[in-house]
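Asker: Fold the stuff below for me.
(3 chains)
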Amino acid sequence: MSRYLIPLMILGVLAIFFARGLTLNPGYVPSPLIGKEAPSFKLPRLKDPSLTLGSEDMLGKLSLLNVWATWCVGCRQEHQYLNELAQNNVIPIYGLNWKDDRVAAVNWLNTLGDPYVASAFDGDGRVAIDWGVYGAPETFLIGQDGSVIYKHIAPLTNEIWEMEFLPLIQKHCQKFSCSSGDLE
Amino acid sequence: MTYRSNFLIMISCAALMTSIVWAIDAEPELESPTLQARYRLLINEIRCLVCQNQSIADSNAPLASDLRREVREMITGGSTDKEITTFLVARYGDFVLYRPPFNARTWVLWGAPLLFLGVGFLVFVRILRVRGNQPIDEGEGM
Amino acid sequence: MIPELGQLSLVLALCLATVQATLPLLGAAQGRADLMALARPAAAGQFVFVIAAFLILVQAFLVNDFSVLYVATNSNSALPVAYKVAAVWSAHEGSLLLWIAILSGWTFAVAAGSRHLPDVFASRVLGVLGIVSVGVMLFTLLTSNPFARLQPAAFEGNDLNPLLQDPALVMHPPILYAGYVGLAVPFGFAVAALLSAQLSQEWARWTRPWTIGAWIFLTIGIALGSWWAYYELGWGGWWFWDPVENASFMPWLAATALIHSLAVTERRGIFKSWTLLLAITAFSLSLLGTFLVRSGILISVHAFASDPARGLFILVLLSVISGGALILYAIRAHRMNQDGGFQPLSRESFLLLNNILLMLAAGLILIGTLYPLFVDALGMGKLSVGPPYFNLVFLLPTLPLVFLMGVGMHSFWRTMPKSVLVKRLKIPIILALLFGISFPLAVFGRATILTLVGCVAGMWVVAAAMLEPAQRLIKGDGSILKIRRSQWGMMVAHLGVGIFILGVTVTSSYSIETDQARAPGDSWELAGYQFVFRSTRDVIGPNYQAVEGEFEVRKDGRLLTVLTPQKRVYRVQQSPMTEAAIQSGLRQDIFIALGDSLGGGAWSLRVQYKPLIRFIWLGALIMALGGILAASDIRYRRQKQNQSQSSHDIDGSVAEII
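Answerer: Numbering: from 1, shown residues only, chains lettered A, B, ... in the order given. I've put the predicted structure just below:
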């Protein structure tokens, strides 16, 4: 009698997994960089190619690296919020301009506002690959120690900032005393 | 990760999907046929992260074309297949490979074939034993 | 106004289905003939209203009624008529209505074709089918109404996805669904048997033709899907182990195992609980497929736009229907056990092993398909399981299976003397080894071990399948005419498998695929063929504009054909799409597709050589033909037979097949 229950039990186990699966997002690819040292890079700046922007420039402070492009619809959506963050001096934001047209990108920033301390121009996408970028906009939270604390894929909003980024920032700043007013 | 961002990615992918349905490498083939063969095999086993239903060999997404370029450069630069896949996994995770790795997470997956065959064999043998002991002429009719 | 009638029609169908799902079952339990008599009329009524609803939706497409949201999303006035009809099932809501329509069709067929069955049993079968109908109808009406309105109505529709504007869309889903959904019939028979707590050999004889019928549709449906993907998606692949492809293949494996298990139950009265379990499993896998496509829990190229709420509904449906059946199975199946001995070397033994291996294959595919979900659900991150895993793992149960197939066909029931078997199979073995090894080497000049194994396996199955007719033909005494249709069916179906294996082996081993950049005037060589890129020109189609390339294909200097692949831009969605040009023949396909314009008249091209690829789908069609022969055997058309007919038809020859 008992072995006839096996098929039912298998169905039961599967059903539990399926129910759980309905709450998951199968297409979301988490970053293997979390907790590791941020990938090093050095690229010419978007606005002034004679200068460079690299991972070294981001050391020693909590910062965001935002991957953006003029062809990216979501980047347009989050731009207003990034401007706000920058205006309120919440956290320094560095930009990674991903596979974009330089002229169009500069115009974009001039028109819509430039929240970035500086943007690096990644014309051929190699640096983006090093950072595991696959769907702009992406925003990386980089710690005092140069490690990648968190990665968010999709436009950044205030809700996400408060619910996902702030708790991690607080936890990080308990370990490393953070400079500047980050904790809003 | 919201549904909205997933939605945006899917929309752009759907747009790409209804466009040139698959990508054709406009690059010339590699000089060495062995390397070219390795290249083709590799790019068919790497998953496109944008159009996740396709390998980077078939996907039209710009990222796929960038990744193909990386693979090509690494192959001509002398990297082994293992080095290339390790490179990609370090950046995108195991998700990027269509061939699941052998590790603690996948022992059930890779062990399943042998396990199933073993169980199947035991079941078969048991039934043979039971039926072998039953009278052969029994059974309704016939 | 009319779409609302469609919705009303569906609601009426639901009411009738509810009657069909409850009262006859009650009547069967209590022995009340008046309640049981409601089953057939309810089934017929349900069928009428469902078809009416379906036709109303078709009409909405044909008259371009863009006030219906579903029509506006999936159609366009410039869409050719055939595709307007096919667009009905191109997306989630409409394809559900197709599902329901096909289920009501099968239900009606069972109602009409079950007059020779005892009333209690027939009522139970129809009752179970009614329960399934009610579930899916509720799902459709509550969450996925195809008749929902768009306010204000759109001026024009969004157009059907160009990828779907293809003859295959007209055929593939209906035929595939006929298979998927048709498995509800043996499911119904199985549950009815469990409810009656009895299962006779007669039951197996009733169930088998319905099962084969569904199996035939499923075989053709899957083959169509594969063929479509091949020429439409253009990468020359014909099977990608996509979760939804797997979701159609697993029921096929289970249905195949079920047919073989029914053979044993019909003949010897044993394996009853296996047969019941397989019948329940086959339809459960169909429902699982429906769940996977529409819930969004797996990434798939076939996935309809999904949301978790709908997914939850289907999950509940799946749990109730399959879970209910399996509970019944757990309680009652042990009563079905029947004594009946057989030796390790016997037809029963081979069929048992066959089924174990088929279900192992299905189980492995299930694990591979669901593993990313398991890992993610347990919080262990993400991974992908793709063709490298499936191609490898699938061989493990199927290689032995293929070799055993040839042996099992020629075994006696109960016990098979080894010497007789060996004597019988000597010729197929020799032929298989001879041709299996020499053919690839002679034609292609090289072969790996796996290729040789595959060719030998394919030849072996072909030779073993056709041994009996070949021998009788040679004897020339007319004994070939005495082979019964069901025996022909079995041999032809297995012949189809052999041809399929040959196709897969050769195409996997010897295909050549290249991407190249070429300009008009260029010529090159591939696989012994010479190609010349003549020119390009502009073409205007009914709802698209295209650039067409002209390519000469020559062999040994002689012109074989001119291929004209197109790069189209569909006007409404402004989406570019490529139509490959294929020179197809039984021996090989030559395949050219345009990629991107590279400037200066040059284009990137994909050129492919695919030897014996047609054998893949030809094999499947021959399998289906075998099914048709088997299902139409005269003994299934007798009315109210008490004894199995085949016992009196034994002509004393070897291999009493059924």
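Asker: any weak-confidence spans in chain B?
Answerer: B:1-26, B:138-142 (pLDDT under 70).
Asker: whoops, I mixed them up, chain A
Answerer: For chain A (pLDDT under 70), the answer is A:1, A:179-184.
Asker: Tell me the residues of it that contact chain C?
Answerer: Listed as neighbours of chain C in chain A under the rule C-beta under 8 Å from any C-beta of the partner chain: A:1, A:4-5, A:7-8, A:11-12, A:14-15, A:17-24, A:26-30. C-betas here are computed from N, CA, C, even on glycine.
Asker: Please repeat the previous calculation with a cut-off of 7 Å.
Answerer: A:1, A:4-5, A:7-8, A:11, A:15, A:17-24, A:26-27, A:29-30 (C-beta under 7 Å from any C-beta of the partner chain).
Asker: List the single closest residue to the residue most central in space within chain B in space, sequence neighbours excluded.
Answerer: Centroid-nearest residue in chain B: B:Tyr98, 2.2 Å away (criterion: C-alpha atoms, centre = their mean). Closest residue in space to B:Tyr98, ignoring its immediate chain neighbours: C:Gly386 at 2.9 Å, by C-beta to C-beta, 6 or more residues apart in numbering or on different chains.
Asker: The chain: helices as residue ranges?
Answerer: Since no chain was named, I'll use chain A. Counting by DSSP state H, the segments of chain A that form helices are A:6-21, A:73-87, A:102-112, A:126-130, A:158-160, A:166-175.
Asker: wait, chain B
Answerer: B:3-18, B:33-45, B:62-76, B:81-92, B:107-132.
Asker: So the fourth one, near chain C or not?
Answerer: What that stands for is helix B:81-92. No - against chain C, helix B:81-92 shows no contacts by C-beta under 7 Å from any C-beta, the least distance being 9.6 Å.
Asker: Can I get that helix in PDB? Just the C-alpha atoms.
Answerer: This file holds the C-alpha atoms of helix B:81-92, laid out as PDB (Å, rounded to 0.1, in the frame of the first residue of the first chain):
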ATOM      1  CA  ASP B  81      38.000  26.500 -22.800                       C
ATOM      2  CA  LYS B  82      38.000  26.200 -19.100                       C
ATOM      3  CA  GLU B  83      39.700  29.500 -18.700                       C
ATOM      4  CA  ILE B  84      37.100  31.100 -20.900                       C
ATOM      5  CA  THR B  85      34.100  29.700 -19.000                       C
ATOM      6  CA  THR B  86      35.700  30.600 -15.700                       C
ATOM      7  CA  PHE B  87      36.100  34.100 -16.900                       C
ATOM      8  CA  LEU B  88      32.400  34.300 -17.800                       C
ATOM      9  CA  VAL B  89      31.200  32.700 -14.700                       C
ATOM     10  CA  ALA B  90      33.200  35.000 -12.500                       C
ATOM     11  CA  ARG B  91      31.300  37.900 -14.000                       C
ATOM     12  CA  TYR B  92      27.800  36.500 -14.600                       C
END
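Asker: Quick one: residues in contact with it.
Answerer: Residues from elsewhere that reach helix B:81-92, judged by C-beta atoms under 7 Å, 6 or more residues apart in numbering or on different chains: A:29, A:32, A:129-130, A:132, B:38, B:42, B:46, B:49, B:71, B:74, B:96-97.
Asker: State the helix or strand in which C:Ala594 lies.
Answerer: For the record, residue C:594 is Leu, not Ala. strand C:588-599 (DSSP states H and E).
Asker: coming back round to it: restricting to the residues of chain A next to chain C, which residues neighbour chain B?
Answerer: Answer for the residues of chain A next to chain C near chain B (C-beta under 7 Å from any C-beta): A:Gly27, A:Val29, A:Pro30.
Asker: could you dump the contacts of helix B:81-92 to JSON lines with neighbour count?
Answerer: Listed next are these as JSON lines, based on neighbours: other C-beta atoms under 10 Å in any protein chain shown:
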{"residue": "A:Val29", "neighbour count": "24"}
{"residue": "A:Pro32", "neighbour count": "19"}
{"residue": "A:Ile129", "neighbour count": "21"}
{"residue": "A:Asp130", "neighbour count": "19"}
{"residue": "A:Gly132", "neighbour count": "24"}
{"residue": "B:Arg38", "neighbour count": "17"}
{"residue": "B:Leu42", "neighbour count": "21"}
{"residue": "B:Ile46", "neighbour count": "26"}
{"residue": "B:Leu49", "neighbour count": "24"}
{"residue": "B:Val71", "neighbour count": "23"}
{"residue": "B:Met74", "neighbour count": "18"}
{"residue": "B:Val96", "neighbour count": "25"}
{"residue": "B:Leu97", "neighbour count": "20"}
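Asker: Mind picking out the helix or strand in chain C with the poorest mean pLDDT?
Answerer: Every helix and strand of chain C was ranked by mean pLDDT, DSSP states H and E. The lowest is strand C:575-579, at a mean of 82.
Asker: What is that one packed up against?
Answerer: If contacts are counted by 3 or more C-beta pairs under 7 Å, 6 or more residues apart in numbering or on different chains; DSSP states H and E, strand C:575-579 sits against strand C:566-570.
Asker: Partner strands of the strand it packs on and their direction?
Answerer: Looking at strand C:566-570 with DSSP bridges, its partner strands are strand C:544-555 (antiparallel), strand C:575-579 (antiparallel).
Asker: Looking at those strands, which one is packed in the most?
Answerer: With neighbours defined by mean count of other C-beta atoms under 10 Å in any protein chain shown, none of those is more surrounded on average than strand C:575-579, at a mean of 22.
Asker: Is the next helix or strand along the chain from that strand positioned near chain B?
Answerer: Downstream of strand C:575-579, the next assigned helix or strand under DSSP H and E is strand C:581-584. No - applying C-beta under 7 Å from any C-beta, one finds strand C:581-584 separated from chain B by no less than 14.4 Å.
Asker: How about residues contacting strand C:581-584?
Answerer: By C-beta under 7 Å, 6+ apart, the surrounding residues in contact with strand C:581-584 are C:Tyr231, C:Val553, C:Leu560, C:Thr561, C:Leu563, C:Thr564, C:Pro565, C:Asp589, C:Ile590, C:Phe591, C:Ile592, C:Arg614.
Asker: hey, what's the second one bridged with?
Answerer: Judged by DSSP bridges, the bridge partners of C:Val553 are C:Phe531, C:Thr561.
Asker: Next up, the contacts around it.
Answerer: Residues in contact with C:Val553 (C-beta under 7 Å, 6+ apart) are C:Tyr529, C:Phe531, C:Leu560, C:Thr561, C:Leu563, C:Gln583, C:Ile590.
Asker: make it 8 Å
Answerer: By C-beta atoms under 8 Å, 6 or more residues apart in numbering or on different chains, the contact list for C:Val553 reads C:Tyr529, C:Gln530, C:Phe531, C:Leu559, C:Leu560, C:Thr561, C:Val562, C:Leu563, C:Gln583, C:Ile590.
Asker: same deal with B:Phe95?
Answerer: A:Val29, B:Arg47, B:Leu49, C:Lys382, C:Leu383, C:Ser384.
Asker: and if we set it to 7 Å?
Answerer: When contacts are counted by C-beta under 7 Å, 6+ apart, B:Phe95 touches A:Val29, B:Arg47, C:Lys382, C:Leu383, C:Ser384.
Asker: out of those, which one sits closest to A:Tyr116?
Answerer: A:Val29 (25.1 Å; C-beta to C-beta).
Asker: Quick check: closest non-adjacent residue to the closest one.
Answerer: In space, and not counting its chain neighbours, A:Val29 is closest to B:Phe95: 5.1 Å by C-beta to C-beta, 6+ apart.
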